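A.B. asks: Provided below for reference: sequence and predicted model.
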Amino acid sequence: MIEVIQNQAAFAALKDEWTELLSAGSSGCLFLTWEWLHTWWKHLSGGKRLRIAAVRRDGRLAALAPLAVTGSDYLDVIARPEFKREALRELAGWLAAEKIVLELGQLRQGACLAEELALEMAARGWTITGSPANVCPYIDLGGQTWESYLASLGSEHRYNFHRRRKNLGKQFQMRWEQVCSEESRRRALAVLFELHNKRWEGRENGSDAFHLPGLVSFHEEFSRVALERGWLRLSVLWLDDKPAAALYGFRFGGVYYFYQSGFDPEYRKYSVGLVSMGLGIQGAIQEGATEYDLLHGEEPYKAHWARQVRPLGRLRFYPPAARGLLYQAAALFDRASRRMARQLLPKSMAESISARIRG
């Protein structure tokens, strides 16, 4: 049976079932948690329509397809392993009956249930198109110590980190403060916002990470929830009691997700951003994380720390016959328009639409 969730109250009521389903499946990821997606919906949904498809078996939640969510990596269908095949068939049948044209982005290629759902839709005569979306650089920390990880880096980068960290200790009273209380969370988050915006202030291609009230309120609430759950990893580098850099991330399961950072341009010559990233990775290793995920983007600094990348893809689902062809033509025009826009407008740091329902 398919239950369609279309309002926030029903979304809120799914919390416990959603959490249990995610823990039972193979799609465990911070960005698929009820906490992340419900908080996103409260603060950033705008005028979008909520439409979560829930599959039930004998009253028990068997699968979820969150279809009105944007802006996160690794979004996917969530399913209980023992019901996966029949749940995907039921979702496919519902999508086909509703004639919903769907675009799913930031999918983990070769390791997501959305690809299996696409096969079910193709068997029903739907047109499925795929394209690359982005990459996520990451570090495999399995079996690593801080020393063995450093040894795997280029000698120049390794030397530069050691020298910069040592110099900071000589020239300043250096303190790496990690958030461990609600009071320190509020203080550190305000520092992060200030330093991140300082770093990008006046640049033509600026950051849009914290530039809107909705984004600020989202991170205010989610960081509080993440602290309560033990997921938050927010740290500030203090030099002579002045905040010089901040690192914002999360630990979920065995994975440390690096989300954002900021530093005071006055300390640029001391490479406080580089030192902070190194301290963050060192902390992840020391607490036993198996992976350090730098999330989507090919910024050059990530290549200094991560040697592996995980491809992200985009899938589009079009119904059979003329209607699907019209949507496909519209999507091609839309992509051409977006390419033109990227040439004329500042690049967005959160550029992808991860799930979109049309008409």
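C.D. replies: Good, I have the coordinates. Keep in mind that this is a model prediction, so the values were computed, not measured.

A.B. asks: Residue 101 is in contact with residue 319, correct?
C.D. replies: Yes. Proximity of residue 319 to residue 101 meets the contact threshold set by C-beta atoms under 8 Å, at 6.8 Å. Using the backbone N, CA and C atoms, a C-beta is placed for each residue, glycine as well.

A.B. asks: ok, now which ones touch the closest residue to residue 15 other than its chain neighbours?
C.D. replies: In space, and not counting its chain neighbours, residue 15 is closest to residue 34: 5.0 Å by C-beta to C-beta, 6 or more residues apart in numbering. Taking C-beta atoms under 8 Å, 6 or more residues apart in numbering, we find residue 34 in contact with 14-15, 18-19, 22.

A.B. asks: run the last query once more with 7 Å
C.D. replies: 14-15, 18-19 (C-beta atoms under 7 Å, 6 or more residues apart in numbering).

A.B. asks: Can I have the buried ones of those residues as a ChimeraX selection?
C.D. replies: Selecting only the buried entries of the contacts of residue 34 in ChimeraX, with 16 or more other C-beta atoms under 10 Å as the criterion:
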select :14,18
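
A.B. asks: Just the closest of the contacts of residue 34 to residue 222, please.
C.D. replies: Of all those, residue 15 has the smallest distance to residue 222: 14.3 Å, by C-beta to C-beta.

A.B. asks: now what about stretch 219-235, what contacts it?
C.D. replies: With C-beta under 7 Å, 6+ apart, stretch 219-235 has contacts from 30, 35-36, 39, 43, 176-179, 182, 185, 188-189, 192, 210, 246-252, 256, 280.

A.B. asks: CA atoms only: put it into CSV for me.
C.D. replies: In CSV, the C-alpha atoms belonging to stretch 219-235 read as follows (Å, rounded to 0.1, in the frame of the first residue of the first chain):
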residue,chain,number,x,y,z
HIS,A,219,21.7,25.4,10.5
GLU,A,220,20.8,27.0,13.8
GLU,A,221,18.2,24.2,14.3
PHE,A,222,20.0,21.3,12.7
SER,A,223,23.3,21.9,14.5
ARG,A,224,21.4,21.9,17.8
VAL,A,225,19.6,18.6,16.9
ALA,A,226,22.9,17.2,15.7
LEU,A,227,24.6,18.1,19.0
GLU,A,228,21.8,16.3,20.9
ARG,A,229,22.2,13.2,18.7
GLY,A,230,26.0,13.2,19.0
TRP,A,231,26.5,14.0,15.3
LEU,A,232,27.8,17.6,15.4
ARG,A,233,31.5,18.2,14.7
LEU,A,234,32.0,22.0,15.0
SER,A,235,35.4,23.4,16.0
